[in-house]
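**Q** sequence first, then the predicted structure:
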Amino acid sequence: MSTTLQQQMSVDTPDIDESLYSRQLYVMGKEAMHQLAHAHVLISGMTGLGVEIAKNIILGGAKSVIVHDCEKIDYADLSSQYYFKESDVGQNRAQIALEKLAELNSYVVVTCSTEKIDEAFLTKNRINVFVLTNSNLDEQIKVGDYCHKSGIKFINANTKGLFGQIFCDFGKEFQVVDTNGENPATHVVTEITHDEYGIIFLGTEQRHGFEEGTYVTFQGVKGMVEVNNKEFQITVPSPYTFGIGDTRNFGIYEVGGTVTEVKKPEIVKFKSFSESLIEPEMLISDFAKMSMPSNLHLAFQALSQFRQQYNATPIPWDEADADKFYQIVEKLNIENREKPFTDELNKHWIKLFSKTCTGDLCPMQAVIGGIAAQEAMKAVTGKFMPIRQFLYFDAIECLPENVYQASDEVFEPKLPQTKNSRYYSQEIVFGQDFQQKICQSKYFVVGSGAIGCEMLKNFAMMGMGCSPEGAIYVTDMDSIEKSNLNRQFLFRAWNIGQMKSKVAAEAVKQMNPSMNITAFVEGVLPETEHIYDDTFFEGLTGVVNALDNIKAREYIDQRCVYYKKPLVDSGTLGTKASVQVVVPLITESYSSTRDPPDPSIPMCLLHNFPNLIEHTIQWARDNFAGLFTNPAQQTEEFLKNPKEFSERTAKSLSDYDRNEIIDNVKRTLGEERPKNFDDCIKWSRNLFQEQFHNTIAQLLYNFPSDQITANGDRFWSGNKRCPHVLQFDVNNPTHLDFIVAASNLLAHIHHIPQTRDREYIAREVSQIRNCISTKIWHYYT
């Protein structure tokens, strides 16, 4: 861990509420969560972007968050700041936002400030992450350079209409402890060449996934033993092989071995904001518009110069102001440079920026705010590679095709005549005609979990379904649990146990009282087609999927194809996410393509020749189901309705499966079942003997460790790793753990009083002699 990160951690490490942060813990790990729980974050600017960042960081579990703003609420803020109401206009932004933000997470100290931010303020509040939003360029330079000099992590985030900007500066030397969060990859070695390149061949036809410069280590290699337990930095000549360098001084490779990726911290050097303005490092987000980042880098700077020169911002969709704006960009492109900053200055993009930059769009705030909040978490945890250093994002495709692509047609949207409208900042981007259409739209949101909450919030701010003709429908079959509160921000602790869809509908109704929203608790299934019938689907404008399983997505997709309705499908998995937009008669449907199936593991490989940790995990899962899950479920079904169970078993299964199920029920209910906990201990000891001794001994009897095939090759080579038998040792903690767990699980199934007394269990298991086959106890399907 870096010295900087260690300094952020106090001596007393706070406990992590795993029931609240369970999903986040899976992604970040406990160490990163502890570091996050020591973070003191300052967020300046409480417009829509600032509140989005604050919401995400508070839900993530920082120690303290200060929300800062000296300005008062204006009607223009209502398009994206979902904690403001019309009655709040004229009051301080930070003070109004505080109450709602503080409700999000009781473990986070949330305060507000309206005072001037200076060195004393930052020192007093021990700020280690400063997030600056929607400020002028001079302030960005001043704050950015101070943070760089003082060792404060700095994030600058801005949105202007359909354009967004993020800048990160985490210091002169920032340590990333885990660049991607993935588990280290492991592969079986089948060959290592004895030459100057040292090429490694693997026992799989799948890509190894290693990158140039990755470090790896070897275990269990025979012959070329010099490579074992030694780290190598690799070259990658192909997706299926890699090299470790000269192996001519090593022994000749014979057989066996595995190679495992070694994760190493990486030092990243950041430049200050002022340095980066001159020589920026930019991340490309859209490879169809490779020159967009350099154009936007100039445009965001030009906006500050336009304000200074004309004492105003560009008038929306004004051609004269757009020409003036482009002239400033042209000057910036060559000013104080030996050669132009970019040779691909795009006049059309620059003028679009000028015409829409005064807009404020909630969906844009959601994108930039979500990314900026994640960068703040990276800054304090060192988990995942941060943005280096500018990220520019645009959504010009939201405009009509003849507008976002250069054409001779003149686009003159009908603009609002007054600022006293909650949709003003959206109307100056798209026009009032567009606003009227989305207010009259009728959308069906299927699922109100994490994505569903975000979609409903965006819809409320955009005005979707907010006219008398419009409507939003939301459904979710689930009720709220504590673990939902970490990412489903429309729910609070007092909502636990209530239905998600109903609580979410009430919450967004408070954000925009004009929203016509109806909540359902019935799933969208073949059994509910009398609810979501022809009339229902035919009246919709479109459907949004916020589901967590493929089967439900495919059913919704079928309905949308049948009724020719647009569908937006999205999903998340840790830090990964996907979105698919389906337009009738234009794009393919969701079900038209499928993700490749997860590679299956043959049963013979699973039981006899496992060679990767994934194989042993799958073997353990299958064993657990066969021993403790399936027999209990089958017996419960039999006891509920013996006749129906017998008929179903007789009709739908093969003879082998049928006999297995019948045997499971007999063993669970018959005389062979355990009568007391000592019987459970005996069963567990016999199970250990069968699985870890007898089965392996039989395999080695059939295929000895020195077995040679008919071709003259070693039998135990390549993907076949030679196993060894285990002798039970009551003093081995892992062996005793197995007995304690298995005994208690079996006791639980049979309603036998359990015990966790390891001394008692160890004493009883030590008295068991002459372990026999466990077939009479071994429930297997």
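**A** Sure thing, it's come through.

**Q** wait, doesn't E538 sit right on Y563?
**A** Yes - using CB atoms under 8 Å, E538 is in contact with Y563, at 6.1 Å. Any C-beta I mention is one placed from the backbone N, CA and C, and that applies to glycine too.

**Q** with neighbour numbers in mind, choose between these two.
**A** Neighbour tally, E538 and Y563, criterion other CB atoms under 10 Å: the higher count belongs to Y563, 15 against 10.

**Q** give the contact list for that one.
**A** Residues in contact with Y563 (CB atoms under 8 Å, 6 or more residues apart in numbering) are 534, 537-538, 540.

**Q** pLDDT wise, what is it at?
**A** Y563 carries a pLDDT value of 94.

**Q** now the one 3 residues further on
**A** On the pLDDT scale, P566 is placed at 96.

**Q** for it, which non-adjacent residue is closest in space?
**A** Distance criterion CB to CB, 6 or more residues apart in numbering; nearest residue to P566, sequence neighbours excluded, is G542 at 3.9 Å.

**Q** do the same with A507
**A** Using CB to CB, 6+ apart and skipping the chain neighbours, the partner closest in space to A507 is L490 (4.0 Å).

**Q** what is the burial count for the one you found?
**A** 24.

**Q** what do you get for V110?
**A** When neighbours are defined as other CB under 10 Å, V110 has 22 of them.

**Q** go on, D679?
**A** Residues contacting D679 under the criterion other CB under 10 Å number 18.

**Q** quick check: which element contains it?
**A** According to DSSP states H and E, D679 maps onto helix 677-689.

**Q** same check, this time on V67
**A** In this assignment (DSSP H and E), V67 forms part of strand 64-68.

**Q** show me what that strand is packed against.
**A** Using 3 or more CB pairs under 8 Å, 6 or more residues apart in numbering; DSSP states H and E as the contact test, the elements touching strand 64-68 are strand 40-44, helix 48-60, helix 93-102, strand 109-113.

**Q** report the helix or strand with the lowest average pLDDT across the protein.
**A** Ranking every helix and strand in the chain by mean pLDDT, DSSP states H and E puts helix 3-8 at the bottom, with a mean of 35.

**Q** doesn't E191 belong to a strand?
**A** Yes - per DSSP: H, G, I helix; E, B strand; the rest coil, E191 lies within a strand segment.

**Q** does it touch I200 like I think?
**A** Yes - E191 is in contact with I200 according to CB under 8 Å; the separation is 7.3 Å.

**Q** more crowded one of the two?
**A** When neighbours are counted by other CB under 10 Å, E191 and I200 differ, and I200 comes out ahead with 27 against 16.

**Q** just the element for the closest residue to D360 other than its chain neighbours, please.
**A** Nearest non-adjacent residue to D360, counting by CB to CB, 6+ apart: S425, 3.6 Å away. Element membership for S425 (DSSP H and E) is helix 424-430.

**Q** any idea how far that helix is from the chain center?
**A** 31 Å (CA atoms, centre = their mean, to the nearest Å).

**Q** what's the local residue count around the residue nearest to P566?
**A** The number of residues near G542, taken as other CB under 10 Å, comes to 18.

**Q** gap between it and I708?
**A** Counting by CB to CB, to the nearest Å, the separation of G542 from I708 is 66 Å.

**Q** then E764?
**A** When distance is defined by CB to CB, E764 is 45 Å away from I708.

**Q** of these two, who's got more company?
**A** Higher neighbour count among E764 and I708: E764, with 20 against 11, using other CB under 10 Å.

**Q** what's that one in contact with, if anything?
**A** Applying CB under 8 Å, 6+ apart to E764 gives the contacts 678, 681.

**Q** is it within a helix or a strand, and which one?
**A** Element membership for E764 (DSSP H and E) is helix 758-766.

**Q** ok and that helix relative to helix 677-689, angle-wise?
**A** Angle, helix 758-766 to helix 677-689, by axes from the mean of the first three to the mean of the last three CA atoms, to 10 degrees: 70 degrees.

**Q** how far off centre is helix 758-766?
**A** Centroid displacement of helix 758-766 relative to its chain, using CA atoms, centre = their mean, is 44 Å.

**Q** mind listing what's buried in that helix?
**A** Neighbour counts using 16 or more other CB atoms under 10 Å place 761-762, 764-765 of helix 758-766 among the buried residues.

**Q** over to stretch 146-159?
**A** By 16+ other CB under 10 Å, the buried positions in stretch 146-159 come out as 146-148, 152-159.

**Q** now stretch 332-339
**A** By 16+ other CB under 10 Å, the buried positions in stretch 332-339 come out as 332-333.

**Q** now the terminal residues of stretch 410-418, how far apart.
**A** Start-to-end span of stretch 410-418 (CA to CA, to the nearest Å) is 23 Å.

**Q** which outside residues touch that stretch?
**A** 316-317, 399-400, 402-403, 423-424, 427-428, 430-434.

**Q** between those residues, which is nearest I66?
**A** Set against I66, the nearest of the contacts of stretch 410-418 by CB to CB is Y424 (29.1 Å).

**Q** number of nearby residues for that closest one?
**A** 22.

**Q** what is the closest residue to V445 other than its chain neighbours paired to in the beta sheet?
**A** Nearest non-adjacent residue to V445, counting by CB to CB, 6+ apart: V474, 4.4 Å away. Beta-bridge pairing for V474 (DSSP bridges): V445, A519.

**Q** and V474, how far is that from R487?
**A** Distance of V474 to R487, computed by CB to CB: 17 Å.

**Q** more neighbours: these two, which one.
**A** Remark: of V474 and R487, V474 carries more neighbours, 27 against 19, as counted by other CB under 10 Å.

**Q** for that one, give me its contacts.
**A** By CB under 8 Å, 6+ apart, the contact set of V474 is 444-446, 448, 452, 456, 501, 504-505, 517-520.

**Q** ok, of the residues you listed, which one's closest to N630?
**A** Of all these, V446 has the smallest distance to N630: 32.0 Å, by CB to CB.

**Q** list the residues that contact the closest one.
**A** Applying CB under 8 Å, 6+ apart, we find V446 in contact with 452, 474-475, 524, 543-547, 552, 556.

**Q** quick one: buried residues of stretch 693-713?
**A** 694, 696, 699-700, 703.

**Q** and which of those is nearest S743?
**A** Distances from S743 to these, taken by CB to CB, are shortest for N694, at 19.4 Å.
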